[in-house]
Structure formats: C-alpha cells, structure tokens
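J.: sequence and predicted structure are below.
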Amino acid sequence: MQQLEALTREAVALAGGGATPFEAEVARQLQVCNACRYCEGFCAVFPAMTRRLDFTKADIHYLANLCHNCGACLHACQYAPPHEFAVNVPQAMAQVRGQTYSEFAWPAALGGLYRRNGVTLALATALALGLFLVLVLALRGALFHQPLAGNFYAVFPHNLLVGMFGAVFGFAVVALAIGASRFWREWVPGPASGAAAAEAAGNVLTLKYLDGGHGHGCNEQDDRFTLARRRYHHFTFYGFLLCFAATSVATLYHYLLGRHAPYPLTSLPVILGTLGGIGLLIGPAGLYLLNRRRHPLHGDPAQRPMDRAFIALLFFNALTGLALLAWRDTGAMALLLALHLGFVMGLFLTLPYGKFAHAVYRGAALLKYAIEKRQPSKLALGAD
C-alpha cells in the first residue's frame, strides 16, 4: 500500500499541480505500465508511452485520445483489479477523454453539454424539432396531401432547407475544428510528412486499433476476443460517410448540373443514401447491444448515456430516412419528411457536444502518433 501511495504522489507531481484526479490516476497507472511493458505491442498507446518517463497533462490528453478502449490490456494485466495497483487503463483513459472533450470544447460554456447529452435529451431534442415541423405543416394544411412524386421541395422550399441545415452544419464543423485545434496545439509533435498523414488516415479508415493489437479483436464481456465491435464500427463509420457522400453528390447535381430532386431510385445519390442508411441501422444496433453487455470495468460508465444518445440518433436518422424513401410517393411523405428532418437537425445540433467528438480527437491523436514514431526517441530506451 505504501508503494501505491508513493506512485500516486509521484504521478500527481509529474502531471502538474493542476492535474485533475482522473489525469493523476492515468499518470499513476502509466508509471506502473512503463515499468512492466507487458502490453507494449498491443496498440499505439504503449509504444507512445515508452517514449516518456513522466507524463504531463498534454501527454495524458494525447494518450487518452489515442486509446481505442479495446480492453485487451485490461484482460492481460497482472496488476488489474483486484490487485492493489488497480491498473485499468481503458477506464482511466476513457474518464480523461471525457474531460478533454469538455476542456477543448468551443464555445467553452457549452463544454458541460458532454455530461448531460443523454439518450432522453438527444431524442427529446430531435422529436421536438420534428414535431415543430409537423405543427408548421399542420398549420399550413400541408400535413396530409396528395402524392407529390417524392418532391421534398414541394413541402419545404429548397432555400429554406439549405439555410437551416447549412447554418447548423457549419456551426458544428467550426466548433469541432476549433476543439481539435486546441487539442493539437497543446502538444505539437512536429510537421506531418506525407507518410505520417497516410499512415494516420489508414489507421482511421481501417480502425486498426480495434483489433486488440494482435488482429483477434476486442474483449467485450469477458476474456474472449471478438471483432464484432470493429465490424459494427465499420458499418457505422462507412454508413455515415455514404450518407454524407449522397448529400454531397446531390448538391453537385443541383448546383453544377442543374439536376434537381427528386432523384430516381437508381441514381447515385439514392443508392449511396440507401446503402448508408442500411449501414447506420446495422452498425448502431450492434454497438448498442455491445454497449449493454460490455464488461463493467471497460470504459467510463458515466459516459454511457452520451454513447447511447449518439447511437440512438444515428439509428433513428437512418430509420426515418429509409422510411421516407420507401413512402416518398405517398400522402405520408410530408409527415415522414418532417420527422426525418427533426432527427437530422437534432444530430447536427449535438454533433460537437456528443460522442461524435471522439472520432475527431482520436484522428488527431493518431496523426500525432504517426509523426512522433518517425522521430528519434529522446530516451536511451524504448525507441521504436
């Protein structure tokens, strides 16, 4: 016990006087890990750790966002609970990650939304927006109508939709970009070479570090390895990208080619959107089931409402979008369109202050790692 207390005091001192309890706990655990190094080959966190003998706040923030919470190190660790050292890297890193989202958020006053962004709030926001649009249609007498051949702009004018969603999406992009910039400037490893940028992009696109460091996958409920989490993340990630691509292609059709919606079922925007919607049904549904069954020592239980809120918004965006596509030639199109737009607006409004932030910060951390690993180690040991 005295050895544990000494490690804690040393970790707090090294992390700096302003370290939070979560940051001090990460520093303490990494002191143990740096002495053991059994997990050195598991993921990017441990090779990056071995380049340091002490851990500042900037180091802790970097390593926390580099962690993919796969759980492999927890199940392999001889010092994991109930050992007195109580090393639980996935949970400690997750707690600090949540702090970084709030700390680097822009505007800073909205950083607290990360702690309150639960399923109830997220769905209530989306439904309230959808019901507001339903009320607008009802007051206009346009809620129930004759089939409009899938022409959404006969319900809501094109310029109105562009103005509404363009403003919200633009704000989300700016807020996330400023947050990522603050995270990046806290510790800059150096200029990014083409090779480093390509490696980081490859790691992001393949979700490399959700393979447990050995290709067998993550640990979910127990010691058994599974690639389920990585696969459901792929469905979610590429489903989101396909939906974004569908919107981008439709924008090019409208403004560059003069081809206005509605588009036929065999058109590129509809095909991309349909495939993306299917991915966003499968991926979030699978991630929700894994989230419910995951080992209690994995991650930060306090962040599960935020995790599930994002999962729910993605799922219902896809569900309402596919329903709108299926019934766009019926008299129910306006009602379905209003509900879908409510979920889309709810997703965009919470995008900078919810789970989506982890993709931005983790991508930045992976780029930092790709840059750092190409530099000579400042230590006599632990070089790559």
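T.: Done, it's in.
J.: lowest-scoring secondary structure element of this structure by mean pLDDT?
T.: Least confident helix or strand of the chain, by mean pLDDT, DSSP states H and E, is helix 2-15 with a mean of 53.
J.: contacts only, for the closest residue to residue 218 other than its chain neighbours.
T.: Excluding the flanking residues, the one nearest residue 218 by CB to CB, 6 or more residues apart in numbering is residue 70, at 4.1 Å. (C-beta placed from N, C-alpha, C; glycine too.) Listed by CB atoms under 8 Å, 6 or more residues apart in numbering, the contact set of residue 70 reads 43, 90, 209-213, 217-219, 229.
J.: those residues in strands, which ones?
T.: 218-219 (DSSP state E).
J.: now the strands for the stretch 101-250 of the chain?
T.: 218-219, 225-226 (DSSP state E, counting those that start in this stretch).
J.: show me what contacts residue 300?
T.: Contact analysis of residue 300 by CB under 8 Å, 6+ apart lists 91, 94-95, 97-98.
J.: and the gap between it and residue 107?
T.: Using CB to CB, to the nearest Å, residue 300 is found at 24 Å from residue 107.
J.: residue 334 now?
T.: For residue 334 relative to residue 107 (CB to CB), the value is 35 Å.
J.: the two: which has the busier surroundings?
T.: Neighbour totals were compared for residue 334 and residue 107, and residue 334 leads with 23 against 9 (other CB atoms under 10 Å).
J.: with adjacent residues omitted, what lies nearest to the more buried one?
T.: residue 155 (4.6 Å).
J.: just to check, that neighbour is in contact with residue 144?
T.: No - assessed by CB atoms under 8 Å, residue 155 is found out of contact with residue 144, at 11.6 Å.
J.: who has more neighbours out of these two?
T.: Higher neighbour count among residue 155 and residue 144: residue 155, with 20 against 11, using other CB under 10 Å.
J.: which residues are in contact with that one?
T.: 137, 142, 148, 333-334, 337-338.
J.: pick out the lowest-pLDDT one from the residues you listed.
T.: Comparing pLDDT over the contacts of residue 155, the lowest score belongs to residue 142 (72).
J.: nearest residue to that one other than its sequence neighbours?
T.: residue 334 (5.8 Å).
J.: residues near residue 65, how many?
T.: 26.
J.: so how far is residue 86 from it?
T.: For residue 65, the distance to residue 86 (CB to CB) stands at 22 Å.
J.: what of residue 126?
T.: 39 Å.
J.: out of the two, which sits in the more crowded spot?
T.: residue 126 (27 against 16).
J.: ranges for the helices of the stretch 51-200 of the chain?
T.: Listed from the start of the chain, the stretch 51-200 of the chain has helices (DSSP state H, counting those that start in this stretch) covering 57-66, 72-76, 89-103, 113-116, 119-140, 158-186, 194-206.
J.: so what touches the second one?
T.: In this structure, residues lying in contact with helix 72-76 by CB under 8 Å, 6+ apart are 38-39, 42-43, 45-46, 80, 88-91, 212-214, 218-219, 223, 225, 295, 297-298.
J.: just the buried ones from those residues?
T.: For the contacts of helix 72-76, a burial check counting by 16 or more other CB atoms under 10 Å picks out 39, 42-43, 45-46, 80, 88-91, 212-213, 218-219, 225, 295, 298.
J.: in terms of helices and strands, where is the residue lying closest to residue 204 once chain neighbours are set aside?
T.: Nearest residue to residue 204, sequence neighbours excluded (CB to CB, 6+ apart): residue 363, at 5.2 Å. Here residue 363 sits within helix 357-372, counting by DSSP states H and E.
J.: report all helices and strands that that helix contacts.
T.: helix 57-66, helix 89-103, helix 158-186, helix 194-206 (3 or more CB pairs under 8 Å, 6 or more residues apart in numbering; DSSP states H and E).
J.: can we see that at 6 Å?
T.: helix 57-66, helix 158-186, helix 194-206 (3 or more CB pairs under 6 Å, 6 or more residues apart in numbering; DSSP states H and E).
J.: which one of the ones you listed is the most hemmed in?
T.: Mean neighbour count (mean count of other CB atoms under 10 Å) peaks for helix 57-66 among the helices and strands packed on helix 357-372, with a mean of 24.
J.: low-confidence regions, the stretch 1-150 of the chain specifically.
T.: Applying pLDDT under 70 to the stretch 1-150 of the chain flags the ranges 1-17, 117-120.
J.: how about 80 then?
T.: Filtered on pLDDT under 80, the stretch 1-150 of the chain yields the residue ranges 1-18, 113-125, 127, 139-145.
J.: what does the stretch 201-350 of the chain give?
T.: For the stretch 201-350 of the chain, the stretches with pLDDT under 80 are 212-216, 219-223.
J.: helices of that one, start to end?
T.: Under DSSP H, counting those that start in this stretch, the stretch 201-350 of the chain gives helices at 228-255, 268-293, 304-326, 333-350.
J.: just to revisit the earlier point, possible to save the contacts of residue 70 as a markdown table with distance to residue 311?
T.: Formatted as a markdown table, these follow (distance: CB to CB, whole Å):
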| residue | distance to residue 311 |
| --- | --- |
| 43 | 23 |
| 90 | 19 |
| 209 | 20 |
| 210 | 16 |
| 211 | 21 |
| 212 | 22 |
| 213 | 25 |
| 217 | 20 |
| 218 | 17 |
| 219 | 20 |
| 229 | 13 |
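J.: tell me how many other residues crowd residue 67.
T.: 23.
J.: please list all residues in contact with it.
T.: 45, 93 (CB atoms under 6 Å, 6 or more residues apart in numbering).
J.: that one and residue 272, how far apart?
T.: 32 Å.
J.: and what of residue 159?
T.: 24 Å.
J.: residue 138 too?
T.: Residue 138 is 32 Å from residue 272, by CB to CB.
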